[in-house]
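In: Quick one: sequence and predicted model below, then my questions.
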Amino acid sequence: MEQNIIKYKTHLNTYCPHCNNRLNVKEKDSEYILFKAIYKSKELDLKLSAYLEEFTIDASESIVEGDKLSDLFCPHCKTSLVTEEKVCEECGSKVGKIIISAYSKLIPFYICLNSGCKWIGLSKTDKRKLEQKIPRQEMPEQDHKLRVHNFMEVPYGLTSELAVLEANRCIQCKKPKCVDGCPVYIDIPGFIKLICEEKFDEAAKKIKERNVLPAVCGRVCPQEDQCEKTCILGIKDKPVAIGNLERFVADFERKMDLVKIPLIKEKRGKSIAVIGSGPGGLTCAADLIQLGYAVTIYEALHQPGGVLVYGIPEFRLPKTIVNFEIDYLRKLGCKIELNHVIGNIYTINELLEDFDAVYIGVGAGLPRFMNIEGENLCNIFSANEYLTRINLMKAYKFPEYDTPLPRGKNVAVIGGGNVTMDCARCALRTGAEKVTIVYRRSRKEMPAREEEIRHAEEEGIEFKLLTNPVKYMGDNQNWVIGMECVQMRLGEPDDSGRRRPIPIKGSNFIHDCDLVIVAIGAGPNPIIFSTTPDLKRNKWGYIEVNPETMETSKEFVYAGGDIVTGAATVIEAMGAGRIAANAIDKKLLDL
Amino acid sequence: MFEIIRKDEMAKGTIVRFDINAPNIAQKIKPGQFIILRVNETGERIPITIADVDRLGGIIAIIVQVVGKTTALMRSLKAGDFIKDVVGPLGKPSPIRKLGTVLVVGGGTGIAILHHITKAMKEAGNTVIGIIGAREKDMLILEDEMRLLCDELIVTTDDGSYGIKGFVTLPLEKYLEERKDIKEIYAIGPIIMMKNVCKITKKYGVKTMVSLNPVMVDGTGMCGCCRVNINGETKFCCIDGPDFDGHQVDFDELEKRNSMYLKDEKDSLLFSIK
């Protein structure tokens, strides 16, 4: 007997109901369901392929004996897929029922085992499902007219039906490029397959093997520049919505109360201090805890989370979610000391007396200003201050909360990054009638995520591109009333690869505004360096590290995230935290 | 959570002193440095420069004037109550060294901060002349403590109910006229006082340090709320200060920036009364 291949063209992921292995194969541009068949008749082969257009049986080299299709089996586990024998509705002979799972449902179809019969039983809907090409499933969103009046999250998240549908778009590449695009190397096809099978809790566990903050990353990672950028489907179609799926799984686990705390067996008997409880510090801490270290995180503010709590607004990242993920870390055994400004309360050297290693993940906590005339007028804020007031201090609930809310009817936000969009959208939600983003390059060069720019545009935020403020004007009480701007044109590309903006002489004009937010980035905060001068820094003032270990010029002191790279993304900081955690483990084990 | 060990009302209850149990901060904090506290979950973060410290006892002392919602809320607290968050030390310590004769000038609650700095000045071996002032006799704080620390102490009141009638600038000018051995002046008090002190001392060319009190949020350099104009350059008071050379400070800008939330403070207080 010879094994042969039967293929059925499909865009769905199908699985063996016994071993759960994927039955799909990819050839050129098409996907097929793959069975291995043992059959005994060449005649059958011909008839089958003649009748079932999508079926092809590669029988060219087979030895054909007898006249009966005796078995179709899974090429992985070798279990028969023919689970039941029935009578064929056409010819009255025996029929084999084959069950495969697809759409996370078991889809049955029948094949007449009689070599002379043409019948295949597959319900019309099931057949349609198997043939259908699924478009990328987008998350439903809060209507833009409604959402500008509240701080509730904009996307609602995928439903489980949509998630399964979206997960089925993934073709489960053998060498998945998406994983290479992820700074923390999540097993993306692995967790997506579990979604296909509706094993959402297992999918969450799969993600958490690599990422302790899935609900956060699913929301704020720039997936279009990372995992989704390298998704193979993206070449001809839209990539799999990996971020939305990650978010769905994490939300499901949280809402269904399925979070389990893994037991940490091994204890290393050593302790690590992590400075800063932002995404990088949290990842580093989580990895080290799971490796068996005692970890203490020092946070300067009164709430853990760093940029996740003071910077990213509620409507983009609800704080209950951040708190939940940090709580998970606490349950893993991580100690979090709030209100500790390292550099002042303890120096790095003092920490090294009590801890075996130190990780610095303090972010780039020093807002930049443009140093132009009038920048200290009343109602001109750094993005950090504006967002901290609103997010961390909950000024949008003033006077229920005590921190005053900066107010303006005609708001100007300077910059073009995600933080700029966050500030503009916060202003809109706190009573501004008009919000204008003033950016010195064109829309194309904006560093903000496309989704953030789209949300801002939908909400009615105006964009004054190729424009730069040169001076602010105030009233007699020193409150800002307007700014003088100059128009820009784009010149040659600079170090960042973006075209350099050049002011156009004589193009100055006045733009009225009564609240200005300067969102042009941040530099390195000097507090730690003031008491640790032997920490080597680069020409921009950021800490120099060995990129392979994140170790600084000071032995046993590691650093990562914005304090090393300058402003970057949440997941990049997490990636650095992970590299450092592994390097610390290796170094301490080698001692 | 930080326990209030002792509470004293001063100046007819408009100024309150708290001794707070904060052993770690007490170990580290130096004169001129400040803390930021948040009374409760809905509270704002307010910076307060400390008035004294007991390292052995692990206690820091702060003295606050009741002006708005948070300070009113603080007055309602008793010994044994807790303050939710206290973070410190923040800012740079006052530059203290042996200079010879120094003059310290304090007004209102500024005397609280001045007290801690005076103590250090004295310990460093300086001869200290003190001038402290208040609106009226009952509003004067820390007179006994300052008298113990200073080699000479002059008191002024605006209404003449105690000591010299008038502002602190009056005896200050006299001293500067008579004594030429004053090496440095520390002036801490209301912005207008510091501004006027600096005007006079500039005339006499005596270096004058001031401790500034702009509005802050995080107090670690992250937000830039506390930016002040020093010699035409923007500095962050929380990490570059709070002490600056008074002759370089743009007091007018500071005063205007500090009045930014006056209306909000009133609204907040009204809301809490309701």
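Out: It's in.

In: domain parsing for the chain?
Out: This is for chain A. Using automatic domain parsing, the domain parsing of chain A gives A:2-130, A:150-255, A:271-363+A:524-590, A:369-520.

In: hmm, I had chain B in mind actually
Out: According to automatic domain parsing, the ranges for chain B are B:2-90, B:101-258.

In: want to throw these into CSV with mean pLDDT and distance to chain A?
Out: To be clear about C-beta, it is placed using only N, CA and C from the backbone, and glycine gets the same treatment. As requested, those are exported to CSV (pLDDT from 0 to 100; distance: least, C-beta to the nearest C-beta, whole Å):
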stretch, mean pLDDT, distance to chain A
domain B:2-90, 92, 4
domain B:101-258, 93, 4
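
In: Now render the ones you listed as TSV, adding mean neighbour count.
Out: Shown next, in TSV, are the domains of chain B (neighbours: other C-beta atoms under 10 Å in any protein chain shown):
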stretch	mean neighbour count
domain B:2-90	19
domain B:101-258	20
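
In: re earlier: a markdown table for the domains of chain A, including distance to chain B?
Out: Shown next, in a markdown table, are the domains of chain A (distance: least, C-beta to the nearest C-beta, whole Å):
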| stretch | distance to chain B |
| --- | --- |
| domain A:2-130 | 44 |
| domain A:150-255 | 16 |
| domain A:271-363+A:524-590 | 4 |
| domain A:369-520 | 4 |
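
In: okay, the ones you listed in CSV with mean pLDDT and mean neighbour count next?
Out: Below are these laid out as CSV (pLDDT from 0 to 100; neighbours: other C-beta atoms under 10 Å in any protein chain shown):
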stretch, mean pLDDT, mean neighbour count
domain A:2-130, 55, 17
domain A:150-255, 89, 21
domain A:271-363+A:524-590, 92, 21
domain A:369-520, 93, 19
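
In: Now tabulate the ones you listed in TSV and tack on distance to residue B:124.
Out: Shown next, in TSV, are the domains of chain A (distance: least, C-beta to C-beta, whole Å):
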stretch	distance to residue B:124
domain A:2-130	76
domain A:150-255	50
domain A:271-363+A:524-590	21
domain A:369-520	34
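
In: what about the domains of chain B, which gets the closest to residue A:212?
Out: domain B:101-258 (24.2 Å; C-beta to C-beta).

In: what's the offset of that closest one from the middle of its chain?
Out: 8 Å (C-alpha atoms, centre = their mean, to the nearest Å).

In: try stretch B:29-36
Out: Here stretch B:29-36 is found 10 Å from its chain centre; the criterion is C-alpha atoms, centre = their mean.

In: That stretch spans what distance, first to last residue?
Out: End-to-end distance of stretch B:29-36 (C-alpha to C-alpha, to the nearest Å): 13 Å.

In: Extract the C-alpha trace of stretch A:428-435 and format it as CSV.
Out: Extracted as CSV, the C-alpha positions of stretch A:428-435 are listed here (Å, rounded to 0.1, in the frame of the first residue of the first chain):
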residue,chain,number,x,y,z
LEU,A,428,-10.1,67.7,23.5
ARG,A,429,-11.6,65.6,26.3
THR,A,430,-11.1,68.3,28.9
GLY,A,431,-13.0,71.1,27.3
ALA,A,432,-10.9,72.5,24.5
GLU,A,433,-12.9,73.8,21.6
LYS,A,434,-10.1,73.7,19.1
VAL,A,435,-6.9,71.7,19.3
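
In: Need the contact partners of stretch A:571-580.
Out: A:182-184, A:211, A:213, A:217, A:221-222, A:226, A:278-285, A:287, A:359, A:361, A:363, A:548-551, A:558-562, A:564-565 (C-beta atoms under 8 Å, 6 or more residues apart in numbering or on different chains).

In: oh sorry, the question was meant for stretch A:482-491
Out: A:374, A:412, A:438, A:440-442, A:445, A:464, A:466-473, A:499-504, A:507-513, A:516.

In: Surely residue A:308 forms part of a strand?
Out: No - Residue A:308: not assigned to a strand; according to DSSP: H, G, I helix; E, B strand; the rest coil it is helix.

In: how far away is it from residue A:392?
Out: Separation of residue A:308 from residue A:392 (C-beta to C-beta, to the nearest Å): 10 Å.

In: swap in residue B:164?
Out: 47 Å.

In: do residue A:537 as well
Out: In terms of C-beta to C-beta, residue A:537 sits 28 Å off from residue A:392.

In: List the residues that contact residue A:163.
Out: Counting by C-beta under 8 Å, 6+ apart, residue A:163 touches A:137, A:195, A:200, A:244-245, A:248-249.
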